[in-house]
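K.L.:
Output the structure for:
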Amino acid sequence: MSSLKKILDVIHQAREQEHSLNLEDTLTLFDAVKHISQDRALIEKAIYLIFLIKKQEPNLDRLTHRENEVFRLVGLGFTSREIADLLSISEATVSTHRKKIIKKLKLAGAGQLQKLAYQYTNSQLSNKYTL
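P.N.:
Model prediction:
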């Protein structure tokens, strides 16, 4: 099996299994595809598969009601202290919820959580309030 075929299969399997690739992995895969192939159609297929993976919405069904609330408040830009005050829980409990969200959504860390929550919340708000 060619190297390009292996790369495309990895991308396709990740998409089918609802795994998300971080930005570094995505760029590495894309760079590999560009270096292996001069075939424009194959490069476009790789780009298509990569962007399908990157655009996946988080599966919030895995989160508890409280984790969902914390996720959305993170997306609105609230700090852990502010979330704790809003939900009448301790800051340590917010931290625990954040860690569980990161694990359940298979994120790399707090930065990725903030970015994903912000993107998700913005897309939900823009869909709801589109003129």
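K.L.:
Tell me where the protein has helices.
P.N.:
Applying DSSP state H to the chain gives helices spanning 3-16, 23-36, 40-54, 65-75, 80-87, 91-104, 110-128.
K.L.:
Worst mean pLDDT among these?
P.N.:
For the helices of the chain, mean pLDDT drops lowest on helix 40-54, to a mean of 57.
K.L.:
so what's residue 103 up against?
P.N.:
Residues near residue 103 by CB atoms under 8 Å, 6 or more residues apart in numbering: none. (C-beta placed from N, C-alpha, C; glycine too.)
K.L.:
mind redoing it with 10 Å?
P.N.:
residue 62 (CB atoms under 10 Å, 6 or more residues apart in numbering).
K.L.:
And it, how far from residue 62?
P.N.:
Going from residue 103 to residue 62 by CB to CB, to the nearest Å gives 10 Å.
K.L.:
go on, residue 108?
P.N.:
From residue 108 to residue 62 the distance is 17 Å (CB to CB).
K.L.:
for residue 90, same thing?
P.N.:
Residue 90 is 23 Å from residue 62, by CB to CB.
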